[in-house]
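S.K.: Got a predicted model here, sequence first, then my questions.
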Amino acid sequence: MTIGVGMQRTASPRTSWLALSASCAILSMLAPGATVFAQASRPNGASNPAASSESTLPAQVGLIDMAHVFKNSYKFLSLTEALQKEIEAADGEAKGLVQKIQELQGQLNSGNLKPESPDYDKLVEQIAKSKAELETFKRVSQQKFLRKEADIYKSVYLDVEDAVRRYATYYKYTLVLRFDRNALENDDNPREVMNGLNRQVIHYRTQDDMTDPVLKFLNKEWEKNGGAVPESLAPKGK
């Protein structure tokens with residue numbers, strides 16, 4: 001269940017010629033104050049905890065499905081969609097370079113130029129230069145997009161971490177763990193079934209699952225700060 005570029009259940013941009021793993025970075029600061037969750041209903045209607053000294057708090061474990069949060073985060077989806085458009089634009093530029101090389105190669109193989117003639121040698125040099133330009137473009141683009149992707153994951157993760165801390169402080173959770181709340185019986189893929197057998201959380205109380213309120217808070221903050229609903233989640237026909 002590691003959250004990162006290789007997260008199994010997080011949607012990511014399509015792989016292009018760049019061999020990128022996807023998926024999209026300015027850090028968004030959450031509003032201060034733990035009471036931001038006071039107006040949000042606790043899972044299953046659980047009541048607010050009584051005030052007590054932190055040193056005397058009983059152990060209370062909270063859970064969050066990080067993969068679900070990333071998959072449905074407005075910020076994560078919006079940024080990855082924007083990154084995908086950049087990848088597609090770069091892919092188009094690369095195809096243009098490939099086409100240029102193919103045209104030069106066609107001229108070289110046409111038989112109209114005598115081998116080792118000045119024009120022939122000049123064309124060979126142009127092809128070599130264009131190929132080097134293409135490889136450099138691919139390498140630089142791949143590094144740039146992987147760096148942007150990592151920045152997106154880091155930014156969203158820090159937002160989630162801060163929201164979890166605020167929620168846990170307000171509701172007196174002493175420990176919060178990541179977990180997968182998808183029922184194992186719903187998995188048909190053999191690999192998913194085997195991964196499910198290694199889950200650290202086998203049983204939990206639904207009121208200790210803070211996934212939905214945290215996700216709701218993050219999406220509201222994204223919209224409040226001017227962010228739009230991701231295209232993939234926008235109502236059809238609009």
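M.R.: Yes, it's here.
S.K.: quick one: buried residues of the lowest-mean-pLDDT helix or strand in the chain?
M.R.: Across the helices and strands of the chain, the lowest-confidence element by mean pLDDT, DSSP states H and E is helix 190-197, at a mean of 75. For helix 190-197, the buried set under the neighbour-count rule, 16 or more other C-beta atoms under 10 Å, comprises residue 196. C-beta coordinates here come from the backbone N, C-alpha and C atoms, glycine included.
S.K.: gap between the helix or strand following that helix and the chain center?
M.R.: With elements assigned by DSSP states H and E, the helix or strand that comes after helix 190-197 is helix 211-224. On the basis of C-alpha atoms, centre = their mean, to the nearest Å, helix 211-224 is displaced by 16 Å from the centre of the chain it belongs to.
S.K.: the longest helix in this structure is where?
M.R.: Longest among the helix segments of the chain by residue count, using DSSP state H, is helix 118-170.
S.K.: angle of that one against helix 211-224?
M.R.: Note on geometry: by axes from the mean of the first three to the mean of the last three C-alpha atoms, to 10 degrees, helix 118-170 and helix 211-224 are set 120 degrees apart in direction.
S.K.: Tell me the first helix or strand C-terminal of helix 118-170.
M.R.: Using DSSP H and E, the helix or strand that follows helix 118-170 in sequence is strand 175-178.
S.K.: Report whether residue 62 is found in a strand, as I expect.
M.R.: Yes - in this structure, residue 62 lies within a strand as judged by DSSP: H, G, I helix; E, B strand; the rest coil.
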